[in-house]
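Student: Predicted model, plus sequence, below.
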Amino acid sequence: MENCKNTFDCETKDCAYNRNGECRFASFKNRPPHITEENGCIEGVIVVNNHGYGGSTHSVMETPIGTLVAEKSADPNFPGLHVCIKGEKINDKFWQNAMDICWVEYSVEDKELRIVVYGDGNEEDYTHLIRVKNVLKSSNRRELA
């Protein structure tokens, strides 16, 4: 396969930007991927995680304070995404080296899209519940009722 501008050979098999062994990250982000000696490239890595959610695909992004992890919910009653931050310095007394940040989910029972925010690592319960309104066109809202 001939390399196009902003692409190069890639050995990361579990990356969303790897297309047939070719990295296309720079084509989408207009910058080269961040690659370290320790972790290699993790810009678009998709891995499988089994820490209590039934095993789910997730993406990671490094930050100066820890690793943000976004993963699909395994609960069919609340399809959505879970975001947490992991790292040795993260304050959370309920997980080891991790803290819930939020859930962006659809409640099948309540028929609503919502964001559940965990704004305090010392609290077990969420700090904010945001009900997202006017997501659908009015004609489509009647279909869910």
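Tutor: Ah, there it is. The model shown is predicted, which means the values in this text are computed figures rather than measured ones.
Student: hey, let's count contacts and neighbours off CA atoms from now on
Tutor: Fine.
Student: what are the bridge partners for the closest residue in space to Asp9 that isn't next to it in sequence, then?
Tutor: Among residues not flanking Asp9 along the chain, Glu22 sits closest, at 4.6 Å (CA to CA, 6 or more residues apart in numbering). Under DSSP bridges, the beta-bridge partners of Glu22 are Asp9, Arg19.
Student: Okay, Glu22 and Glu11: tell me how far apart.
Tutor: From Glu22 across to Glu11, the span is 8 Å (CA to CA, to the nearest Å).
Student: Between those two, which is the more surrounded one?
Tutor: Glu22 (19 against 13; other CA atoms under 10 Å).
Student: Would you mind measuring from the more buried one to Ser59?
Tutor: 19 Å.
Student: what's the answer for Arg114, then?
Tutor: Distance, Arg114 to Ser59, using CA to CA: 21 Å.
Student: go on, His34?
Tutor: Separation of His34 from Ser59 (CA to CA): 15 Å.
Student: Which of these two has more residues huddled nearby?
Tutor: In this view His34 and Ser59 are compared by other CA under 10 Å, and Ser59 has more residues nearby, 19 against 12.
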